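Chemist: Build me a model:
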Amino acid sequence: MTAEFGANGAGGPPRGRRVALEARRGRGATVNPEGRFEATRRESFDDGWPEEAEPRLRTEVIPERARHIITRNASPDIPFDRSINPYRGCEHGCIYCFARPNHGYVGLSPGLDFETRLFSKPDAAALLERELSAPGYRPRTIALGTATDPYQPIERGHRITRAVLEVLARFRHPVGIVTKSNLILRDRDLLAEMAALNLVKVAISVTTLDPDLARRLEPRAPHPRRRLEAIRSLSEAGVPVMVIAAPLIPSLNDHEIEAILEASRAAGACEANYVLLRLPHELDDLVGDWFSEHYPGRKEHVFSLLTGARGGKTYDASFGTRMIGQGPYADLIRRRFALAKRRLGFSEEPVRQTAELFRVPPRVGDQLALF
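Modeler: Sure, this is the predicted structure:
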């Protein structure tokens, strides 16, 4: 049964509408709470009556007609000032995804809605061409897939990411791609051509090498072995690849730091980075509920270590520390990571893409210059 409360109702934080296990099998979130902007919240509780069977959750893709495709930011602790996300929401279902709360801006839940009710941007390539052609545009590396994965499963049919890359290649515009999917190998031909001009770098996220943990954490993302194969294949094609061990979750996958780096380096990764688990807004309760279902005995210890690295809170958004935390536990992770990188021969200097080759290609019907 579900009860409804005002957004500021008493009784502690609601856990959201519970969804039967069979209905959400293959999904990451365990609940579907209202977003933080909603006027009411619902909480499930046991009233003694048997639950009715729920239909299996299906993925729904809704076209989103955006007015602009390049998003700007001025964050001092990330190495890019512009990004493109071809999709809103992500079918990979990673429980830890810091983009989940963004679904609240469209009146949907950061829980199961985030991974089942997705938005595509079919006009992305056309919008990008228009924005790159604008007088006065100054090129700098565009980050592709900073919020949701540009190679999530629906990209197979929609091919929006491929279309965006084709525009960037024609304009000789630098790009950095973040993904955890080996679907990126579909575009290896285009990426190799861009890499030959120093226009692209790819970051592959490897959260764990344990298939069972990966299936629980990120149920529809490719197997860890497939990600290592993607690193190898791209590296062999001349594409510089960074491995991102992210997120590092205290007492869950932090013991794998060295193993992840060793496997990724052996596959050809030339750079490495990490991010400590981030829990903005509703993600705190979502991850807590996930631990209650999958690893109840570890939940208290995990959150104790996390709050110790976040100034006594589960999340601290301060620039400079929001990605890596601070304090004894965070320092230990930082030192272990640095030592492993040095031992394995990872580059200390990032591979940077060039913006000097940027050009606006002529369009059909444009008058050609005589000289």
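Chemist: what's near enough to touch the spatially closest residue to residue 205 that is not a sequence neighbour?
Modeler: Once flanking residues are discounted, residue 205 sits nearest to residue 180: 4.0 Å by C-beta to C-beta, 6 or more residues apart in numbering. Using the backbone N, CA and C atoms, a C-beta is placed for each residue, glycine as well. For residue 180, the residues meeting the contact criterion (C-beta atoms under 8 Å, 6 or more residues apart in numbering) are 92, 94, 149, 204, 205, 206, 207, 218, 221, 222, 227.
Chemist: Also residue 224?
Modeler: 206, 207, 208, 209, 210, 211, 214.
Chemist: which one among those residues gets closest to residue 345?
Modeler: Taking C-beta to C-beta as the measure, residue 206 is the one of the contacts of residue 224 closest to residue 345, at 17.6 Å.
Chemist: I figured that closest one hits residue 265, correct?
Modeler: No: contact criterion C-beta atoms under 8 Å: residue 206 and residue 265 do not qualify, at 11.4 Å.
Chemist: Residue 127: how many residues sit nearby?
Modeler: By the criterion of other C-beta atoms under 10 Å, residue 127 has 20 neighbours.
Chemist: quick one, what contacts it?
Modeler: So residue 127 contacts 66, 67, 68, 69, 121 (C-beta under 8 Å, 6+ apart).
Chemist: State the next helix or strand along the chain beyond the helix or strand where it lies.
Modeler: Assigned by DSSP states H and E, residue 127 belongs to helix 124-133. As assigned by DSSP H and E, the chain's next helix or strand after helix 124-133 is strand 142-144.
Chemist: which helices and strands sit right next to that next one?
Modeler: strand 82-84, helix 160-171, strand 175-179 (3 or more C-beta pairs under 8 Å, 6 or more residues apart in numbering; DSSP states H and E).
Chemist: Buried members of the contacts of residue 224 into ChimeraX, please.
Modeler: When burial is assessed using 16 or more other C-beta atoms under 10 Å, the buried subset of these is captured in ChimeraX by this command:
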select :206,207,208,209,214
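Chemist: want to throw the contacts of residue 224 into JSON lines with secondary structure?
Modeler: Shown next, in JSON lines, are these (DSSP: H, G, I helix; E, B strand; the rest coil):
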{"residue": "206", "secondary structure": "coil"}
{"residue": "207", "secondary structure": "coil"}
{"residue": "208", "secondary structure": "coil"}
{"residue": "209", "secondary structure": "coil"}
{"residue": "210", "secondary structure": "coil"}
{"residue": "211", "secondary structure": "helix"}
{"residue": "214", "secondary structure": "helix"}
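Chemist: Throw the contacts of residue 224 into TSV and include pLDDT and distance to residue 325, thanks.
Modeler: Shown next, in TSV, are the contacts of residue 224 (pLDDT from 0 to 100; distance: C-beta to C-beta, whole Å):
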residue	pLDDT	distance to residue 325
206	98	20
207	98	17
208	98	19
209	98	23
210	98	23
211	97	27
214	97	23
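Chemist: which one of the contacts of residue 224 sits closest to residue 323?
Modeler: Looking across these and measuring by C-beta to C-beta, the closest to residue 323 is residue 207, at 15.3 Å.
Chemist: So the closest one is in contact with residue 254, correct?
Modeler: No: counting by C-beta under 8 Å, residue 207 sits too far from residue 254 to count as a contact (11.1 Å).
Chemist: Identify each of the strands in the stretch 201-350 of the chain and give its residue range.
Modeler: With DSSP state E, counting those that start in this stretch as the criterion, the stretch 201-350 of the chain has strands at 241-248, 271-276.
Chemist: Neighbouring strands of the first one in the sheet, and parallel or not?
Modeler: Spelled out, it's strand 241-248. Strand 241-248 sits in its sheet next to strand 200-205 (parallel), strand 271-276 (parallel), going by DSSP bridges.
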